[in-house]
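J.: Could you look at this predicted model? Sequence included:
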Amino acid sequence: MLLHYDLQRHSGQVYLPSQQDKGSLTKYRVIPPVEWSTTQSVAVQPIPPRNNAQDLFYKGKTFTTVDGDTARIDGHVILQIDEANPTEPSIKKITEILICADGQVASHILITCLDFLPELHPELHVPRIKLSESEQKVIVTPNICFLSMVISPTDVSFKNIL
């Protein structure tokens, strides 16, 4: 089953990251946003989105899909990048989630391409995955891709069991 990610409809589902301050009068403080040049996405797209070097981003840990599924950093998804030009869905790993500092919606998702190994795991008899030969990474705009949740990161059947 393919799910359409249109995160614009779920702007309330993204929360700014924070960390607990011990010994402070306030319990939490907001982690400051970072520049595009300090993200992992800069290796794929050196020029910042909107061509503005001053753009700031929060680093997200999760985002919520239209269907209510939660996708996480280091989680695995089956991805079909372009609905208008369908390709065979393939397995990917979520590497980075960026949220524009002036918004509350995940604006860029960095994914790492993975390949299935030809043989099943010898003891568990489940598919095994590995990094693609070229370690290809792609930035996906959440509202133009199809994703299907494969597993949670704690599910033993699809962990990187090599």
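T.: It's in. Numbering: from 1, shown residues only.
J.: all strands of this structure, in order?
T.: Chain-ordered strands for the chain, with DSSP state E as the definition, fall at 3-4, 18-20, 28-30, 34-35, 56-60, 62-64, 70-72, 76-80, 90-100, 106-116, 129-131, 137-140, 146-149.
J.: any idea of the mean pLDDT in the second one?
T.: If I follow you right, that is strand 18-20. Mean pLDDT, taken over the full extent of strand 18-20, equals 51.
J.: Equivalent analysis for the third one, please.
T.: The predicted model gives strand 28-30 an average pLDDT of 64.
J.: Same question for the first one.
T.: The average pLDDT for strand 3-4 rounds to 34.
J.: same check, this time on the fifth one
T.: Mean pLDDT, taken over the full extent of strand 56-60, equals 86.
J.: by how many degrees do it and strand 106-116 diverge?
T.: Counting by axes from the mean of the first three to the mean of the last three C-alpha atoms, to 10 degrees, strand 56-60 points 50 degrees away from the direction of strand 106-116.
J.: For Val44, which of the strands of the chain is the nearest?
T.: Using C-beta to C-beta as the measure, strand 137-140 is the one of the strands of the chain that comes nearest Val44, at 5.2 Å. Bear in mind the C-beta positions are built from the backbone N, C-alpha and C, glycine included.
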